[in-house]
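Q: how would this look folded up:
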Amino acid sequence: MRRSESSGGDDRPVSPKAPAAWPGPEHPPGRPDMRAPWPASRSPSIESEIEAELERLRSSESAEASQVAGRSKGPPRTALIVCGALAREVLALRDRHGWEAEVLGVPALLHNRPERIPQAVLSRIRQARALYDRVLVVYGDCGTGGMLDRLLEAEGVERLRGPHCYEFYADRAFDELMAEAPGTFFLTDYMVRSFDHLVVEGLGLDRFPELRDDYFRNYTRVVYLSQTEDPELHEHARLAAERLSLPLTTLHVGYGALESRLLDWFGR
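A: Okay, here's the model as predicted:
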């Protein structure tokens, strides 16, 4: 794991009590909640996108169900039900290790409405059970407050261990980073690619830039947990930190515990 740092930001006072996370949907600005590590949408367009993604998911479930009767299962097959924010990386790991598995995505934008994640995952489980012998959910709790795990326990489906994607990638270093600076705002490759859409537009900063100080006054730095050493992504991370007026620390962690935990599961 390699670390690089760049300075940025201002000297405004910051509360040391704020945890490192996105502003949660039920928390006031500036008091983020690690249970919901995602920006709470303030954009009508993102709300419309969520509804469109869910409708596509429902349509996919109906289409799949109509074809199941005419199919045979064939050889044992595995389905990985994956958060959209992890799909690119899980596909890369599948190809790297030659796993015989299908990746079924769940819309990443549902992190804006975490109470809707369990039902969307359940839709994918119902799809998968008709065609696959093994099912694994590759998701953190992601702000569902334990609802996702309760649903999975009732369904008898396993979830990859971990609270959210930051911990998946950073593994043991995550707790060290939190202890080092509780007011850390995390980025991953996915979050860097989606920063303008999810953070700038999602929080309304494109329309009301003055809200930046409300949302981010308790943060002290940005930590970019990079999966790939892509100069373009590193530049976008630098610009994201600059937009938030926060110093940037970059740690190249690769796939971290996401890879090792998947290897353990496939090795059973």
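
Q: so where's the chain shaky on pLDDT?
A: Applying pLDDT under 70 to the chain flags the ranges 1-76.

Q: now do the helices in it.
A: Along the chain, the segments classed as helices by DSSP state H run 44-68, 87-97, 117-129, 147-155, 165-170, 173-180, 189-193, 195, 211-216, 231-243, 256-266.

Q: would you tell me which one of the ones you listed is buried the most?
A: Ranked by mean neighbour count, the helices of the chain are led by helix 165-170 with a mean of 25 (mean count of other C-beta atoms under 10 Å). Yep, even glycine has a C-beta here, placed from its N, CA and C like the rest.

Q: who touches that helix?
A: For helix 165-170, contacts defined as C-beta atoms under 8 Å, 6 or more residues apart in numbering pick out 37, 83, 85-86, 140, 160, 162, 174, 177, 186, 188, 190, 225, 227, 251, 253-258, 261.

Q: can you report how many residues neighbour the residue lying closest to residue 90 once chain neighbours are set aside?
A: In this structure, residue 90 finds its nearest non-sequential neighbour in residue 82, 5.0 Å apart by C-beta to C-beta, 6 or more residues apart in numbering. Residues near residue 82, counting by other C-beta atoms under 10 Å, number 26.

Q: could you check the distance from the most centrally placed residue in the chain over to residue 216?
A: In the chain, the centroid-proximal residue (C-alpha atoms, centre = their mean) is residue 85; its distance is 4.6 Å. Per C-beta to C-beta, to the nearest Å, residue 85 is found 20 Å from residue 216.

Q: what do you get for residue 170?
A: Counting by C-beta to C-beta, the gap from residue 170 to residue 216 is 21 Å.

Q: just checking, the residue nearest to the centre of the chain touches residue 109?
A: No: counting by C-beta atoms under 8 Å, residue 85 sits too far from residue 109 to count as a contact (9.4 Å).

Q: mutual contacts of these two, please.
A: Joint contacts of residue 85 and residue 109 (C-beta under 8 Å, 6+ apart) do not exist.

Q: list the contacts of the residue lying closest to residue 187 once chain neighbours are set aside.
A: Of all residues not flanking residue 187 in the chain, residue 224 sits nearest, at 4.4 Å (C-beta to C-beta, 6+ apart). Residue 224 sits next to 186, 187, 188, 192, 234, 237, 241, 248, 249, 250, 251 when contact means C-beta under 8 Å, 6+ apart.

Q: of all pairs in those residues, which one spans the longest distance?
A: Within the contacts of residue 224, 186 and 234 form the most distant pair, 15.3 Å apart (C-beta to C-beta).

Q: on that earlier part again, of the contacts of residue 224, closest to residue 119?
A: residue 188 (24.9 Å).

Q: pretty sure that closest one sits against residue 85.
A: Yes: with contact defined as C-beta under 8 Å, residue 188 reaches residue 85; the gap is 7.4 Å.

Q: stretch 198-213: end-to-end distance?
A: This stretch, stretch 198-213, spans 17 Å end to end (C-alpha to C-alpha, to the nearest Å).

Q: and it, how far from the chain's centre?
A: 20 Å (C-alpha atoms, centre = their mean, to the nearest Å).
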